[in-house]
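**Q** Sequence plus predicted model, see below.
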Amino acid sequence: MRCVIARFPFELVKSEVQLAMKGIKPEPITGESVVISRRTYPVKQVGEVITRQDRRDFSSSEVTRALTRLGFTCRSVPVPAPVVEPTPLETASAMLGTPAQAQN
């Protein structure tokens, strides 16, 4: 499949992308990711390997679009769970070591 990443044309094939990523250890996921051969890689890491360009030269959306068209499963940035702050009563109860009473 022909695609353009960072203004350069590439002819990508799914099996060649899988072969290029074989043996490469996935970096920690901090943004968008893609599943290749049961391993989850950051999109920027895959883009760097398949294009041989610096990560700053292309956007993750360019690589995500190309990999999705090839049939890979891409995931967006995970949304963090909301932080539930304890009420003042719960905080005081925890400090005293007693369970908080439910208010009616």
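**A** Right, received. Where do you want to start?

**Q** pretty sure Asp57 is in contact with Val63, am I right?
**A** No. In this structure Asp57 lies outside contact range of Val63 using Cβ atoms under 8 Å: 11.0 Å. C-beta: built from backbone N, CA, C; applies to glycine.

**Q** Give me the more crowded residue out of the two.
**A** Between Asp57 and Val63, Val63 has the larger neighbour count (other Cβ atoms under 10 Å), namely 26 against 14.

**Q** Please identify which helix or strand holds the closest residue to the more buried one other than its chain neighbours.
**A** If the residues on either side of it in the chain are set aside, Val63 comes closest to Gly47, at 3.7 Å by Cβ to Cβ, 6 or more residues apart in numbering. For Gly47, the host element (DSSP states H and E) is helix 43-51.

**Q** going on from that helix, what's the next piece of helix or strand?
**A** Beyond helix 43-51 toward the C-terminal end (DSSP H and E), the next one is helix 60-70.

**Q** how much does that next one deviate in direction from helix 43-51?
**A** Here helix 60-70 points in a direction 70 degrees away from that of helix 43-51 (axes from the mean of the first three to the mean of the last three Cα atoms, to 10 degrees).

**Q** Could you pull out the buried residues of helix 60-70?
**A** Residues of helix 60-70 classed as buried by neighbour count (16 or more other Cβ atoms under 10 Å): 60, 62-67, 70.

**Q** Identify the residues contacting it?
**A** The contact list for helix 60-70, computed with Cβ atoms under 8 Å, 6 or more residues apart in numbering, reads 1, 3-6, 10, 12-14, 17, 31-32, 34, 43-44, 46-47, 50, 74.

**Q** out of these, which are buried?
**A** Among those, the ones that count as buried (16+ other Cβ under 10 Å) are 3, 5-6, 12, 17, 32, 34, 43-44, 46-47, 50, 74.

**Q** So, low pLDDT: which residues of the chain?
**A** 78, 98-104 (pLDDT under 70).

**Q** what about Ile24, distance to Ile50?
**A** 11 Å (Cβ to Cβ, to the nearest Å).

**Q** That's all I had, so thanks and see you.
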